[in-house]
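In: How does the following fold in three dimensions:
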Amino acid sequence: EKAHVQNVYEFLNSQTSVITTPSYGNPFAQLVDVHGYGTSNGHNNVVIMINGRKLNNVDNVPQLLASISPSSISRIEIIKSGGIVRYGDGANAGVINVTTKQTNETEVSFYTGAYNVFDGAFYTGYMGEKLSISANAEAYKTGGTRTINANGDKDASSIATGCVNLEYEATQDLNLRAGASFSRTDVIYGGTMTQAQYEANPSQLAGYTANLLFDTNSISLGATYDVSDNIRFKIDANNENKVSDYVPSYGSSNYDYNSVKTTLDYLGEAMALTFGYDAFYGDRKQNQNVMSKNNAAAFAMSEFYLGNHTIKAGYRYEKVSYEYEEAGKNLQQDDSLDGVELGYNYALDKEKSVFLNYAHSYQAPVVDMFFSTVYPGPVTSFNSFIKPMKADSVTLGYNHIKADNKLKVSIYYVSLNDEIYLYKNIGNPFDLGTNTNIDKSSKYGLD
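Out: Residues are numbered from 1 along each chain as shown. The predicted model follows:
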């Protein structure tokens with residue numbers, strides 16, 4: 001309410017140290033950069049969740065954070081250099097958790113502006129003794145700022161989203177929940193222009209354009225059962241279907257994601273334990289090929305509370321399997337990966353604390369990284385499977401949290417093995433590059 005932002009990206013850029021930038025001009029699926037992993041594929045190194053559902057894709061398409069209306073959000077949690085044990089593949093830079101609200105309020109908002117910009121949104125909720133229901137929707141459009149053809153058409157864009165969530169307290173110990181959401185995106189990309197063209201007239205006609213139609217539909221089911229006062233069992237399952245259609249160049253891509261996560265939690269006065277199983281199955285069908293990325297993991301996390309001292313230790317084992325099917329081809333690759341987290345926190349008083357955290361994390365490549373593209377054409381061909389990236393990070397920090405002010409300072413160092421990067425043949429302007437690995441690299445910084 002205090003931030004007065006129009007979308008989640010604006011909130012992250014203005015209220016946090018997370019950096020987001022439009023993806024080649026797409027304002028709805030922006031590139032996310034945490035801890036200096038960059039805006040090329042840095043979004044693959046941060047796991048983004050909404051109500052326990054992963055927004056990360058099997059390919060290099062950024063997470064669609066624009067599908068979450070700010071009016072529906074109750075909490076955003078940002079975990080830096082941590083989360084690999086609980087959230088798995090890709091949590092090298094950290095995790096962003098978004099939780100939507102369940103309240104009895106109703107809110108309607110809209111705004112309009114230059115370039116035929118209009119946005120309308122609503123949120124409504126009901127909280128009863130046993131049943132809670134919330135619903136929200138948002139529609140945004142802009143007429144565009146740049147001319148894309150000789151007819152004078154503009155680079156217009158629009159998005160429509162909606163979500164319904166319900167919870168039912170079946171018994172004192174059993175909570176059941178379900179949710180459904182959708183988004184419809186239509187983006188026209190303006191072509192590239194030189195700096196001289198931009199300075200002369202940033203709205204002029206320049207270069208190639210494309211139209212992206214991107215539709216998503218998801219459903220989720222979950223249950224929480226309190227076995228006792230200290231033990232809780234939780235299970236969540238999600239299904240998501242997406243269709244991405246680039247006109248006129250690439251044609252359509254069809255995605256089918258299925259995931260399930262179960263945890264058994266013990267919470268005592270002196271310690272907390274979590275044991276879990278996490279699985280994800282994702283397919284992308286594009287033209288005549290099918291690319292699959294499947295993850296299955298088991299993990300355990302422990303925390304010990306010793307007065308002012310808190311100690312954290314966790315381990316995750318994850319197996320990632322790829323399969324590529326095309327006429328006359330059936331290629332497979334399996335990778336076994338280990339995630340480790342060790343942490344120590346000392347509370348100086350109720351407002352101030354210092355902490356030290358170590359994490360061994362990893363990023364299994366997204367499926368786009370196995371292909372290379374050369375224009376004109378475009379001609380896209382399977383390059384090869386590449387190695388997963390592995391990272392060892394150490395973070396030292398200080399927190400001072402008051403009711404009306406929050407100060408967090410940390411320094412970090414990350415040692416990387418087989419960092420994934422895009423190699424481009426500078427001498428060939430039509431070569432979009434081939435992903436490969438750097439043997440050794442490092443990152444360090446101050447937050």
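In: any idea which residue sits dead centre in this structure?
Out: By Cα atoms, centre = their mean, the chain has its centre lying nearest to residue 48, at 3.1 Å.
In: Neighbouring strands of the host helix or strand of residue 125 in the sheet, and parallel or not?
Out: Taking DSSP states H and E as the criterion, the element that holds residue 125 is strand 117-127. Its sheet considered, strand 117-127 pairs with strand 106-113 (antiparallel), strand 131-142 (antiparallel) by DSSP bridges.
In: Comparing those, which comes out most buried?
Out: Among the strands paired with strand 117-127, strand 131-142 has the highest mean neighbour count (mean count of other Cβ atoms under 10 Å), at a mean of 19. The C-beta positions use only the backbone N, C-alpha and C, and glycine is treated the same way.
In: now whatever helix or strand comes next after that strand: how far from the chain's centre is it?
Out: Next helix or strand after strand 131-142 toward the C-terminus (DSSP H and E): strand 157-169. The chain centroid and the centroid of strand 157-169 are separated by 18 Å under Cα atoms, centre = their mean, to the nearest Å.
In: again, but for stretch 165-183
Out: The chain centre lies 23 Å from the centre of stretch 165-183; the measure is Cα atoms, centre = their mean.
In: picking up where we left off before, got JSON lines for the strands paired with strand 117-127, with mean pLDDT and distance to residue 348 too?
Out: Below are the strands paired with strand 117-127 laid out as JSON lines (pLDDT from 0 to 100; distance: least, Cβ to Cβ, whole Å):
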{"stretch": "strand 106-113", "mean pLDDT": "93", "distance to residue 348": "40"}
{"stretch": "strand 131-142", "mean pLDDT": "95", "distance to residue 348": "39"}
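In: Next SSE downstream of the helix or strand bottoming out on mean pLDDT in the chain?
Out: Of all helical and strand segments in the chain, the minimum by mean pLDDT, DSSP states H and E falls on strand 379-382, at a mean of 65. Later in the chain than strand 379-382, the nearest helix or strand by DSSP H and E is strand 389-401.
In: Does anything pack onto that following strand? Which helices or strands?
Out: strand 352-363, strand 406-423 (3 or more Cβ pairs under 8 Å, 6 or more residues apart in numbering; DSSP states H and E).
In: what's next to that strand, contact-wise?
Out: For strand 389-401, contacts defined as Cβ atoms under 8 Å, 6 or more residues apart in numbering pick out 80-82, 92, 337, 351-363, 365, 406-420, 437, 447.
In: quick check: mean pLDDT across stretch 204-224?
Out: Confidence for stretch 204-224, expressed as mean pLDDT, is 88.
In: for that stretch, which positions count as buried?
Out: Neighbour counts over stretch 204-224 (16 or more other Cβ atoms under 10 Å) mark 205-206, 209-212, 214, 216, 218, 220, 222-224 as buried.
In: Same check on stretch 96-107?
Out: Buried residues in stretch 96-107 (16+ other Cβ under 10 Å): 96-98, 100, 102.
In: Keeping just the C-alphas, turn that stretch into CSV.
Out: The C-alpha trace of stretch 96-107 is given here as CSV (Å, rounded to 0.1, in the frame of the first residue of the first chain):
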residue,chain,number,x,y,z
ILE,A,96,11.8,-15.0,-4.3
ASN,A,97,8.6,-16.2,-2.6
VAL,A,98,5.3,-14.4,-3.4
THR,A,99,2.3,-15.1,-1.2
THR,A,100,-1.2,-13.9,-2.0
LYS,A,101,-3.6,-12.8,0.6
GLN,A,102,-6.8,-14.2,2.1
THR,A,103,-8.9,-11.3,3.5
ASN,A,104,-12.5,-10.1,3.8
GLU,A,105,-11.8,-6.9,1.8
THR,A,106,-12.7,-5.8,-1.7
GLU,A,107,-10.6,-3.5,-3.8
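In: now that stretch: how far from the chain's centre is it?
Out: Relative to its chain's centre, stretch 96-107 lies at 19 Å (Cα atoms, centre = their mean).
In: Residue 55 against residue 66, yeah?
Out: No. At 10.8 Å, residue 55 does not count as touching residue 66 under the criterion of Cβ atoms under 8 Å.
In: Quick one: closest of the helices and strands packed on strand 389-401 to residue 155.
Out: Residue 155 lies closest, by Cβ to Cβ, to one member of the helices and strands packed on strand 389-401: strand 406-423, at 25.4 Å.
In: What is whichever helix or strand comes after the closest one packed up against?
Out: Scanning forward in sequence from strand 406-423 by DSSP H and E, the next helix or strand is strand 434-446. Judged by 3+ Cβ pairs under 8 Å, 6+ apart, the packing partners of strand 434-446 are strand 406-423.
In: Which strands and helices lie in contact with the strand it packs on?
Out: For strand 406-423, the packing partners by 3+ Cβ pairs under 8 Å, 6+ apart come out as strand 389-401, strand 434-446.
In: out of those, deepest packed?
Out: strand 389-401 (a mean of 18).
In: Would you quantify the distance from residue 61 to residue 369?
Out: Residue 61 is 13 Å from residue 369, where distance means Cβ to Cβ, to the nearest Å.
In: In the stretch 51-200 of the chain, where is pLDDT below threshold?
Out: Counting by pLDDT under 70, the stretch 51-200 of the chain contains no low-confidence residues.
In: Just want to know which of residue 61 and residue 369 has more residues nearby.
Out: In this view residue 61 and residue 369 are compared by other Cβ atoms under 10 Å, and residue 369 has more residues nearby, 23 against 20.
In: wait, what's in contact with that one?
Out: Applying Cβ under 8 Å, 6+ apart, the residues near residue 369 are 60, 386, 420, 435.
In: May I see those residues arranged in a markdown table, with distance to residue 274 as well?
Out: Shown next, in a markdown table, are the contacts of residue 369 (distance: Cβ to Cβ, whole Å):
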| residue | distance to residue 274 |
| --- | --- |
| 60 | 31 |
| 386 | 32 |
| 420 | 30 |
| 435 | 34 |
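In: ok, so of those residues, who is nearest residue 301?
Out: Of all the contacts of residue 369, the one sitting nearest residue 301 is residue 420; the distance, using Cβ to Cβ, is 26.8 Å.
In: What sits closest to the closest one if chain neighbours are left out?
Out: Spatially, and ignoring its direct neighbours in sequence, residue 420 is nearest to residue 389 (5.2 Å; Cβ to Cβ, 6 or more residues apart in numbering).
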